[in-house]
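Undergrad: the amino acid sequence is not available; the structure is as follows:
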């Protein structure tokens, strides 16, 4: 993963994919994000997901509610492309990573797409 090191001083690193919902891309994103967290102090995973729905998922990640993630994905996520085992694996890892960490060291999950306002009203 050292090929990422020259970019690690940037404020953010964008990770795209050629197709939505393809397992291999999300496995790679998970590995890259984990490397950036563990080796370069990155703390935010911004995702092309609805902002409002991400608040529910981020709360679970902050509070260590690993067992709630699957149901939150099923009930709150709008796009089928993110309702995958690979995304669940990433969110579970983030949740587990956060356990016993002070707030300033915890990982954050943020949706950067605002197509819907169903959850944003709250």
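TA: Yes, it's here. Predicted, not measured: the structure shown is a model, and the values here were computed from it. Numbers count the residues shown, from 1 in each chain.
Undergrad: next one: phi and psi at residue 77?
TA: phi -70, psi 130 (degrees, to the nearest 10).
Undergrad: for it, which residues are in contact?
TA: Residues in contact with residue 77, defined by C-beta atoms under 8 Å, 6 or more residues apart in numbering, are 49, 50, 53, 83. Placement of C-beta: from N, CA and C, glycine included.
Undergrad: kindly recompute the last result at 6 Å.
TA: Counting by C-beta atoms under 6 Å, 6 or more residues apart in numbering, residue 77 touches 53, 83.
Undergrad: likewise residue 49?
TA: Contacts for residue 49 were tallied using C-beta under 6 Å, 6+ apart; they are 82, 111, 113.
Undergrad: can I assume it sits in a strand?
TA: Yes: counting by DSSP: H, G, I helix; E, B strand; the rest coil, residue 49 is found in a strand.
Undergrad: give me the longest helix you can find in this protein.
TA: Longest helix of the chain, by residue count under DSSP state H: helix 23-40.
Undergrad: show me what that one is packed against.
TA: When contacts are defined as 3 or more C-beta pairs under 6 Å, 6 or more residues apart in numbering; DSSP states H and E, helix 23-40 sits against helix 85-98.
Undergrad: the inter-axis angle of the helix it packs on versus helix 23-40?
TA: 20 degrees (axes from the mean of the first three to the mean of the last three C-alpha atoms, to 10 degrees).
Undergrad: which residues sit against the following helix or strand past helix 85-98?
TA: Counting by DSSP states H and E, the element after helix 85-98 in chain order, helix or strand, is strand 108-113. Residues outside strand 108-113 that contact it (C-beta under 6 Å, 6+ apart) are 44, 45, 46, 47, 48, 49, 50, 51, 54, 57, 58, 61.
Undergrad: beta partners of the first one?
TA: The one in question is residue 44. With DSSP bridges as the criterion, residue 44 is bridged to residue 108.
Undergrad: show me the shaky parts of the protein.
TA: 120-122 (pLDDT under 70).
Undergrad: and with 90 instead?
TA: Along the chain, the model assigns pLDDT under 90 to residues 1, 12, 14-22, 47-52, 77-83, 112-122.
Undergrad: end to end, how far does stretch 67-84 reach?
TA: When the termini of stretch 67-84 are compared using C-alpha to C-alpha, to the nearest Å, they are 16 Å apart.
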